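Novice: this is a predicted model, with the sequence first.
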Amino acid sequence: MGNALRFLCAQCTEPSADSGSLGPHGVSATTVGVSALAQDIFHFDITSQVPEGLSKHVVSSKKAQANWYKKLLDAWREAKPPPRTPEEASRLVIKTLKRHLKADVEGLLAFYGLPLPQTLVELSSEVPTSLPEGLKFELQTLPVDAKAVADGDTVTVYVSTTDPRESSYVPNDVQVAAVQRSKARAERNYTKADALHEKIVDAGYRVLKIQNEEVLARKYRIRLRGIDAPESKMPYGKEAKEELTNLVQGKCLRILVFAEDRYGRCVGDIYCNGIFVQELMLKKGFAWHYTAYDRRSELEKWEKEARAKRVGLWAASNPEKPWDWRKDRREGR
C-alpha cells in the first residue's frame, strides 16, 4: 500500500524538468519527499508496518524503525501546521529522533530524499521572552496565504479583530457591515454580501474563512526589518520570494513592530514557529543586511556567513545591491 500511495503522490506532484536528480522513490526530492514521508507515517498508523526498502538505508532493526514511526506520527500530528517543505520535514525528523543513531537519522532522510543535517542552515536566534527596546506593538497573525508574499522582504498579514489589541480599534461602520454581510449571506443575497465585503476591504479589513468559520480581520503590510531582498526582476528575486513563501505560508506569525515606513508598511521582526525569519533569509543568501536602516551586529554576521559560503545571491561575483538597482530605475538608467 505504501508504494501505491507514493505513486498517487507522484501523479499529483509531477516533477518539473529542472527539479534535479530523482530520489529513491523515482520522484524529485524537491517535490514529493515530504508527501512520501507523510503517507508512510499515516500508513504506519493503520498497519504498523514500516516502508519496504528502508532497511537498506539504515542500520537498526525493523522493531527500532517501528519505534521511529510511532514518534514521528505523534510529532507530525502535533505540528501546526505540519511540514510542507523538505527543510521543515528534515527538521521535524532530526528533532524527533535526536537521541537515535546518526546513521539511522541520515539514512531515513536519504530514503525520502530530504536534506541531511549538515546541509540545513543552523539558526541561533531565539524568540524574545521580554519586550525589546523600541518595540511599538506586537501582532499575532492568522495563517498566512502564499499570495500574500510580495517579495523576499514584504508580506501582507491579517490579525483577528477578536485580538484584545484589535477589538477596541475596529471602526463601527466595519462592525456593522460585517454583521449585515453575514445576514445577507444567510439570506443568499450574495450581491449585497459582496458589496458589503468590498466596503470592509476598503477600510483595511477582510472577512476570512478559518477552519470553516468566518473571521473579521485587520490587514497589515509588513516590511521585514533590517534586510533588503532582491527585487522580483533582479537575479535571485524570484528565489527570495519563494523562500519566504515556503517559510510562512499557512503559518501564524509573531511580529514585533518597531516603526512604519513611508509606504505605510509596519517595519518589524517576524518569528515563524520559533524561527527568526530575517536570520534565515540572510544565512541562505536571499537578502542583504540593510545597514542604512539597521545596524544590528548579528545581521551583519549572518550576511558575512552567507558571503563566505557563496550561497544564494552570493554565488555571483559582484551582486547588485537592491537599493542601487531601485535608484537606477528611478533615475531612468
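Specialist: Everything's here; your move.
Novice: which residues of the stretch 101-250 of the chain fall in helices?
Specialist: For the stretch 101-250 of the chain, the helices defined by DSSP state H, counting those that start in this stretch occupy 102-111, 164-167, 172-186, 190-202, 237-248.
Novice: right, so of these, which gets closest to Asp328?
Specialist: Among the helices of the stretch 101-250 of the chain, the nearest to Asp328 by CB to CB is helix 237-248 (15.0 Å). (Glycine included, C-beta is placed from N, CA and C.)
Novice: immediately after that closest one, which helix or strand?
Specialist: strand 253-260 (DSSP states H and E).
Novice: re earlier: present the helices of the stretch 101-250 of the chain as JSON lines; the columns should include distance to Ser317 and mean pLDDT.
Specialist: As requested, these are exported to JSON lines (distance: least, CB to CB, whole Å; pLDDT from 0 to 100):
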{"stretch": "helix 102-111", "distance to Ser317": "33", "mean pLDDT": "94"}
{"stretch": "helix 164-167", "distance to Ser317": "47", "mean pLDDT": "92"}
{"stretch": "helix 172-186", "distance to Ser317": "52", "mean pLDDT": "96"}
{"stretch": "helix 190-202", "distance to Ser317": "46", "mean pLDDT": "97"}
{"stretch": "helix 237-248", "distance to Ser317": "18", "mean pLDDT": "95"}
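Novice: switch those helices over to TSV; also include mean neighbour count and distance to Ala292.
Specialist: Converted to TSV, the helices of the stretch 101-250 of the chain look like this (neighbours: other CB atoms under 10 Å; distance: least, CB to CB, whole Å):
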stretch	mean neighbour count	distance to Ala292
helix 102-111	18	40
helix 164-167	12	30
helix 172-186	15	37
helix 190-202	15	34
helix 237-248	21	19
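Novice: between the ones you listed, which one is closest to Pro143.
Specialist: Comparing the helices of the stretch 101-250 of the chain against Pro143 with CB to CB, the closest turns out to be helix 237-248 (9.2 Å).
Novice: tell me which other helices or strands the closest one touches.
Specialist: With contacts defined as 3 or more CB pairs under 8 Å, 6 or more residues apart in numbering; DSSP states H and E, helix 237-248 has these neighbours: strand 149-151, strand 266-272, helix 277-283.
Novice: right, so these: which one is the most enclosed?
Specialist: Highest mean neighbour count of these: helix 277-283, a mean of 24 (counted as mean count of other CB atoms under 10 Å).
Novice: pull the longest helix along the chain out as CSV, backbone CA atoms only.
Specialist: The longest helix of the chain (DSSP state H) is helix 29-47. This file holds the C-alpha atoms of helix 29-47, laid out as CSV (Å, rounded to 0.1, in the frame of the first residue of the first chain):
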residue,chain,number,x,y,z
ALA,A,29,13.2,15.1,-3.7
THR,A,30,12.1,18.7,-4.0
THR,A,31,8.5,17.9,-4.8
VAL,A,32,7.4,14.6,-3.3
GLY,A,33,9.8,13.8,-0.4
VAL,A,34,7.5,15.4,2.2
SER,A,35,4.4,13.7,0.8
ALA,A,36,6.0,10.3,0.7
LEU,A,37,7.1,10.7,4.3
ALA,A,38,3.6,11.8,5.4
GLN,A,39,1.9,8.9,3.5
ASP,A,40,4.3,6.4,5.1
ILE,A,41,3.7,7.8,8.6
PHE,A,42,0.0,7.5,8.4
HIS,A,43,0.2,4.2,6.6
PHE,A,44,2.1,3.0,9.7
ASP,A,45,-0.7,4.3,11.9
ILE,A,46,-3.1,2.0,10.1
THR,A,47,-0.9,-1.1,9.5
